[in-house]
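A.B. asks: I'll drop the sequence and a predicted model, then ask my questions.
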Amino acid sequence: MASPHSRNTPIYQWIICLEVKLVTDDFDDVFRPKLGRLRDIGRSSGKRYVNRVLNAAGRMNPSFGKTRSRNSFTGRNIGRGSRAVVPSRMAGIRGRRVVIKARFVKLAGTGFGKASSHLRYVQRDGVSKENEEGKLYNADHDEIDGEKFLDQAKEDRHQFRFIVSPEDAVELDNMKIFTRDLMLQMEKDLSAKLDWVAVDHYNTDNPHTHIILRGVDDQGQGQSQDLIIARDYLSHGLRTRACNLMTDELGPRQDHEIENTLRREVRQDRFTSIDQGIIRQAENSIIDLRIDGVEDGSRMSRRGFDLSRLKKLQTMGLAEEVGPLRWRLSKDMESTLRDLGQRGDIIKMMHAEMKRQKRDPLRTAYEIFRPAEQPDKVITGKLAAKGLSDEFNDRYYLVVEGIDGKTHYADIGQQNDIGEYKTGSIVELKDKSVHPRKTDQSIVNIAEENNGLYSAEYHAFHDPGASKEFIRAHVRRLEALRRVNIVRRFTDGSWKIPDGYLDDVTDHERKHASRSPVATTIRSRFSLDVQVSATGATWLDNTLLDQKKFHLSNVGFGAEVDNALKQRRAYLMAEGFARETVQGITYQRDLLKRLEQRELSKVAVTIAEETGKAFRRVCKGDQIEGTYTKPVDLVSAKYAVIENSKEFTLVPWRSVLERARGQSVSGGINSRGGVSWNIGKKRGMGIS
């Protein structure tokens, strides 16, 4: 016998239409209702019925009919699924709620690499119900090879990502069954065979599922085409299907479930459904809870929760009682509550991270780094954790144990080189400047003297002492700005500098800072334990030579650094790089350079034994040419191994080289000790 809440129960399969066919065992009849002339139910209004319908629609949606002309086009229904946006079978407070976030992701350029990083992230350790790594599954298999799935999608134009979070997911016996039913329904709605993988996460209060859907429609026989899904289906249709599935599975929400949910929301320091209802009822920021007419019991009960919530908001300074059962809401109420909810989630995550590191979370001071509010603040410390703060927009966060004794959370935004940030490394965080660079001011000054044009020749004429490398830096800056349509390059190598160049550059830097608001620098890729007795120049050595720059706390990571500095000082004295005098500890001249060269020589011997090639040391002004084979992480810095037929050299590494691993590269050592690279067998300006 079917359960009363089963999705196969006939009550959930009714279809309402103008022609209803009644079928029984004894007869087959057709009932055709005949609609009579509509009576006037509001003569006093003096309006036609159609006008009253339009007015009612306008009250429900203020934007209805105001901004769109009859021929306006929004594109919301382009693609598959536009006809599958159906109303919920159990809308309102009794329906099961499901939050779905959807994102369309292009895979061209760096998109495929980000897709690979995203797939690894959703499978990270500690997200499963058993606190183990997440396992991918699809419609037919409980375990899927993620690399194989990505390899099949390498020619795809795009992919879709979904996060499906049922409010009552804890009551589901198996999230896989629900996800498979949802994707099967999606296939029916889109009339397409879908290729997808999913992973269930249980590492938060609300279990949820990450779904990655390939942007192709499998037509069979090896044929496929781009999958285009209507925006209305992504915004509303899929969520409605998920809500219907949850309601079918668990049944409509009962009174006690609704009351328990509202009772929890009354006390929460975040934006809740009660707050949403309160804002909807308010007029000009005033909400009136006085009874007007006869109300049913459920509405009276809901009014009680509204009143309790308003008293909670009053203690938070977000509501003010202005009369009997009348309240004035703060204009910042919603944004403040959402910020508080985000802060609570961040603190909870940081608590969990401290527990994983076997630290007492209650004895740790937490701080959220907001660069816009703290423009002069610099955070230096140990990287404790990293992750995605916004999984759809590929924004990352870092958790840093600072030398100030606090644990800091920083949303660093989009980062292409997030793989370089290793747990335990020493990092520095500060506000990213949005002001034009000195290079930009030089470009403007030269252009003003040459009718708005800049060129390398003009630069050399106006500044005879400028080196070729210095001028190349200006050209590279202009090339980067050309790609965002700020400047224009002519065939003769000159550049048109617009009158509002500095303003345009400021806007560009501000947009870039919104995507990556924190300037992040890796000071050392190695932990304190490794640095204490390292052969090369370490972050600890820099700190010893400029200890006035750092203010160490006597608790937390600050205390660990202080202890490591004492051990490093003792090591340097034992190795003859420092000695104790009447004035204190005296270090050898050029200490950092000596330590760096010592480490390079040691590593060069090892590579020479492995390759059978001779090591060639390079100096400023030298030219380099060969094949980039691999990077080498040294305590002093990260170096690149450049080989040719008989010898190899070690030069400072840059991320741009990774695109050319195994290829020919060439360049020259500049005055700062860096390298201006030419990737491949080509001449001309390089990348530095």
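C.D. replies: It's in. Numbers count the residues shown, from 1 in each chain.

A.B. asks: distance of W327 relative to L310?
C.D. replies: Using C-beta to C-beta, to the nearest Å, we find W327 at a distance of 5 Å from L310. Where C-beta positions appear, they are placed from N, C-alpha and C, glycine not excepted.

A.B. asks: what does S527 give?
C.D. replies: In terms of C-beta to C-beta, S527 sits 51 Å off from L310.

A.B. asks: same drill for those two, tell me which one is more crowded.
C.D. replies: Neighbours were counted for S527 and for L310 using other C-beta atoms under 10 Å; L310 has more, 23 against 17.

A.B. asks: may I have the phi/psi pair for the more buried one?
C.D. replies: phi -60, psi -40 (degrees, to the nearest 10).

A.B. asks: does A564 touch Q531 like I think?
C.D. replies: Yes: contact criterion C-beta atoms under 8 Å: A564 and Q531 qualify, at 6.8 Å.

A.B. asks: list residues touching both of those two?
C.D. replies: Common neighbours of A564 and Q531, using C-beta atoms under 8 Å, 6 or more residues apart in numbering, are L540.

A.B. asks: the two: which is more packed in?
C.D. replies: The neighbour count for A564 versus Q531, taken as other C-beta under 10 Å, is higher for Q531 (23 against 19).

A.B. asks: need the helices for the stretch 551-688 of the chain, in chain order.
C.D. replies: Taking DSSP state H, counting those that start in this stretch, the helices of the stretch 551-688 of the chain run over residues 556-574, 591-611.

A.B. asks: now mean pLDDT and distance to H462 too, for these, in TSV please.
C.D. replies: Shown next, in TSV, are the helices of the stretch 551-688 of the chain (pLDDT from 0 to 100; distance: least, C-beta to C-beta, whole Å):
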stretch	mean pLDDT	distance to H462
helix 556-574	93	47
helix 591-611	92	35
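
A.B. asks: next, format the ones you listed as JSON lines and append distance to Q268.
C.D. replies: Shown next, in JSON lines, are the helices of the stretch 551-688 of the chain (distance: least, C-beta to C-beta, whole Å):
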{"stretch": "helix 556-574", "distance to Q268": "30"}
{"stretch": "helix 591-611", "distance to Q268": "52"}
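
A.B. asks: deepest in the core, which of those helices is it.
C.D. replies: helix 556-574 (a mean of 17; mean count of other C-beta atoms under 10 Å).

A.B. asks: contact partners of that one?
C.D. replies: Residues contacting helix 556-574 (C-beta under 8 Å, 6+ apart): 364, 381-382, 401-407, 528-529, 531-533, 538, 540-541, 543-544, 547, 550, 552-554, 578-580, 585, 587, 591.

A.B. asks: go again using 6 Å as the cut-off
C.D. replies: G381, K382, E401, I403, G405, L528, V532, S533, L540, L552, A578 (C-beta atoms under 6 Å, 6 or more residues apart in numbering).

A.B. asks: again with stretch 138-154
C.D. replies: Here stretch 138-154 has contacts from S116, L119, K135, L136, Y137, R180, V197, R214, using C-beta under 6 Å, 6+ apart.

A.B. asks: please apply the same query to stretch 313-321.
C.D. replies: L310, W327, R328, L329, S330, M333.

A.B. asks: determine which two of these are furthest apart.
C.D. replies: L310 and S330 (11.5 Å; C-beta to C-beta).

A.B. asks: quick one: stretch 251-259 to chain centroid distance?
C.D. replies: 35 Å (C-alpha atoms, centre = their mean, to the nearest Å).

A.B. asks: how about the helices of the stretch 551-688 of the chain, which one is nearest E373?
C.D. replies: Checking the helices of the stretch 551-688 of the chain against E373 by C-beta to C-beta gives helix 556-574 as the closest, at 22.9 Å.

A.B. asks: mind checking how far that closest one is from the chain centre?
C.D. replies: 36 Å.

A.B. asks: could you do stretch 375-393 as well?
C.D. replies: Averaging C-alpha positions (C-alpha atoms, centre = their mean) puts stretch 375-393 11 Å from its chain's average.

A.B. asks: now R338: closest residue in space that isn't a chain neighbour?
C.D. replies: F271 (4.8 Å; C-beta to C-beta, 6 or more residues apart in numbering).

A.B. asks: again, but for V399
C.D. replies: A385 (4.1 Å).

A.B. asks: ditto for S455
C.D. replies: Nearest to S455 is S494, by C-beta to C-beta, 6+ apart, at 4.1 Å.

A.B. asks: hmm, that neighbour is touching L453, no?
C.D. replies: Yes: counting by C-beta atoms under 6 Å, S494 does reach L453; the two are 4.9 Å apart.

A.B. asks: the two - which one has more neighbours?
C.D. replies: S494 (18 against 15).

A.B. asks: so how far is D504 from the residue nearest to S455?
C.D. replies: From S494 across to D504, the span is 18 Å (C-beta to C-beta).

A.B. asks: same deal with G536?
C.D. replies: Taking C-beta to C-beta, one finds G536 at 43 Å from D504.

A.B. asks: picking that back up, pretty sure the residue nearest to V399 sits in a strand.
C.D. replies: Yes: assessed with DSSP: H, G, I helix; E, B strand; the rest coil, A385 lies in a strand.

A.B. asks: pull the longest helix from this structure.
C.D. replies: helix 333-356 (DSSP state H).
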